[in-house]
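> Dropping a prediction and its sequence here:
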Amino acid sequence: MTSAFPIEPMPWLLDLSTEDLRRSVDALYRVHKLIWVISDLDTLLEAIMEESKAVAQAEACSLLLLDPKTNELYFHVTLGESGNPDALKEVRLPVGEGIAGACAAERRSINVEDVRTDKRFFPKVDEQSQFETRSLLAVPLVAHEAISRESTGLVGVIEVLNKQGGGSFSEADLHLMEMFSSVAGTAIARARLIEENLEAARLAAIGQAVAGLSHYTKNLLTGMGGSVDLIDQGLAEHKLDMLQRSWPILKRSTRRITNFVEDMLAYSKERSPVRERCDLQAIFDEVYDTYASLLIRRDVDYVVTVEPDAKFVLLDARGIHRVLLNLVTNAADAVPQENGSIHVRAFPSAENPLDLVVEVTDNGAGVPGEIRQQIFEPFFSTKGSHGTGLGLAVTAKIVREHSGVIEVLDSPHPEGGAVFRIVLPEAITT
């Protein structure tokens, strides 16, 4: 097999002791593993610096990353047994200035036995960190062009400071750090690429969600605006029939806006349920009252069954009201225009009489098996611009906060439909 890179003689390897060779090979092996195991950039950088310090047997080390916009190096990770490394976070070195800047500009390693004799040494770094640098080895971090998205391929610079036990860094130290930095540069570039792809995917998802939510809101506001115009006209012309036709549309749009905002608030943060003893029948009745006019107008057969043993529950009343409201909303949207049927039922679980089971059954189109898991994901909607994709995500979140489970089953109706089944553990009280 032909190597992609020419293999050069490395006579310096002969000067390594068996212990140093084993230590260096172990470090390289661990860093190679980091490339495929760690995708979080900060965690990766910390690990790389720990290995750098060990490979070079240095008292301290620094990782300077390149800011391609300003062509400056900034301290991202600093490790040492003394001093104040956090103070370096504000220090920046233009490429070409200081030993690290020269290393970056020339793309070559620089080994300085005594920094006090090198005009390139930047004393402000020691002043800021309160660390005394005596010897220094700087190695450029360069990523392979096929992996890095940066046109130059330069990632940054690794500096190791002060050889443990005194003295300066050897030629073997320099070559080992060069081998190490080659692997580290590739690992950093790969982690950055993963972060860039994740960020791009996240922004695309946010953009899609915002577009969908904006479209949904625009539709509601358009309906509300039309209703207001008709109401104004009815008031001006004293036409009661126009008011009677427009007022229900305005009420429905207002209710949907309210539900939309409530869902956004419910999904935006985690919360622990405020459990209290409540009357489940009263919660069911309140949900029905919210949709009574719509259900009556569409002649939907709406049945509520709360078995006596499930009447009183220990739950977050507000959260369960939100759950039922969303499930009934979905059912009302799903049932056919004629002969629609919704059955809301609560009963003790057969497995554990203290577990509450709530089912909302409709005779709509049902939920295909391939999307039954997706429907609980945020912003996934089968309603196009008529839905937000938040309702079922909020429902699943509230159920999860109650340590419960929710699933979708086939409806027993001959014409089809869906059953949303919720099990809430230890919820029934007396």
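Now that the structure is in, tell me what you want to look at.
> all contacts plus neighbour counts: C-alpha atoms, from now on.
Fine.
> Tell me the predicted confidence for M177.
pLDDT for M177: 83.
> Correct me if wrong: it contacts Q57.
No - the pair M177 and Q57 does not pass the contact test of C-alpha atoms under 8 Å, sitting 10.8 Å apart.
> the more surrounded of these two?
Set M177 next to Q57 and count neighbours by other C-alpha atoms under 10 Å: M177 wins out with 27 against 19.
> Is the more buried one in a helix, a strand, or coil?
Here M177 is helix, with the state taken from DSSP: H, G, I helix; E, B strand; the rest coil.
> ok, now which ones touch it?
Shown in contact with M177 (C-alpha atoms under 8 Å, 6 or more residues apart in numbering): S52, V55, A56, V139.
> where along the protein do the strands fall?
Assigned by DSSP state E, the strands in the chain fall at 58-67, 72-80, 92-94, 110-112, 136-142, 154-163, 276-279, 301-306, 312-315, 341-348, 356-362, 405-410, 418-424.
> Can you redo these as a markdown table, where the extra columns are distance to V399, mean pLDDT and mean neighbour count?
A markdown table is the format used below for those (distance: least, C-alpha to C-alpha, whole Å; pLDDT from 0 to 100; neighbours: other C-alpha atoms under 10 Å):
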| stretch | distance to V399 | mean pLDDT | mean neighbour count |
| --- | --- | --- | --- |
| strand 58-67 | 45 | 87 | 23 |
| strand 72-80 | 42 | 79 | 21 |
| strand 92-94 | 50 | 87 | 19 |
| strand 110-112 | 60 | 92 | 20 |
| strand 136-142 | 49 | 90 | 27 |
| strand 154-163 | 46 | 88 | 26 |
| strand 276-279 | 16 | 91 | 15 |
| strand 301-306 | 19 | 91 | 15 |
| strand 312-315 | 10 | 91 | 20 |
| strand 341-348 | 15 | 93 | 21 |
| strand 356-362 | 11 | 93 | 25 |
| strand 405-410 | 6 | 90 | 17 |
| strand 418-424 | 7 | 92 | 22 |
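> Among those strands, single out whichever gets nearest to E377.
strand 405-410 (12.8 Å; C-alpha to C-alpha).
> Return the closest one as CSV; C-alpha atoms alone will do.
Output of strand 405-410 as CSV, limited to C-alpha atoms (Å, rounded to 0.1, in the frame of the first residue of the first chain):
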residue,chain,number,x,y,z
VAL,A,405,-45.7,7.5,29.0
ILE,A,406,-47.7,8.4,25.9
GLU,A,407,-48.3,6.2,22.9
VAL,A,408,-50.5,6.2,19.8
LEU,A,409,-52.7,3.2,19.0
ASP,A,410,-55.2,2.4,16.3
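> quick check: domain ranges of the protein?
Following automatic domain parsing, one finds the domains of the chain at 11-198, 270-424.
> which one of the ones you listed has the lowest average pLDDT?
domain 11-198 (a mean of 77).
> thought I158 was touching L136?
No - with contact defined as C-alpha under 8 Å, I158 does not count as touching L136 (10.3 Å).
> possible to save the domains of the chain as TSV with distance to S246?
Shown next, in TSV, are the domains of the chain (distance: least, C-alpha to C-alpha, whole Å):
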stretch	distance to S246
domain 11-198	47
domain 270-424	14
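> so which of those comes closest to V228?
Of those, nearest to V228 by C-alpha to C-alpha is domain 270-424, at 19.3 Å.
> L65: which of the contacts of M177 is nearest?
Checking the contacts of M177 against L65 with C-alpha to C-alpha, the nearest one is V139 at 12.1 Å.
> need the contact list for the closest one.
V139 touches C103, R108, S109, I110, V157, I158, E159, L174, M177, E178, S181, counting by C-alpha under 8 Å, 6+ apart.
> If we ignore the residues flanking it in sequence, what's nearest A331?
Spatial nearest neighbour of A331, chain neighbours left out: D362 (5.8 Å); criterion: C-alpha to C-alpha, 6 or more residues apart in numbering.
> Residues in a beta bridge with the one you found, which ones?
I342 (DSSP bridges).
> taking the contacts of M177 one by one, which sit in helices?
Within the contacts of M177, residues falling in helices by DSSP state H are S52, V55, A56.
> The second one and L176 touch, don't they?
Yes - V55 sits in contact with L176 when judged by C-alpha under 8 Å, with a separation of 7.5 Å.
> now the helices for the chain?
Using DSSP H, the helices of the chain run over 18-37, 41-56, 98-106, 124-129, 171-237, 240-268, 280-297, 317-334, 391-401.
> So for the last one, what gets flagged as buried?
Read it as helix 391-401. G391, L392, A393, V394, T395, A396, K397, I398, V399, E401 (16 or more other C-alpha atoms under 10 Å).
> Dump these into TSV; add distance to I371 as well.
Shown next, in TSV, are the buried residues of helix 391-401 (distance: C-alpha to C-alpha, whole Å):
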residue	distance to I371
G391	15
L392	13
A393	14
V394	17
T395	16
A396	15
K397	18
I398	20
V399	19
E401	23
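> Tell me the one among those nearest to P353.
Of all those, P353 sits closest to V399, with 18.5 Å by C-alpha to C-alpha.
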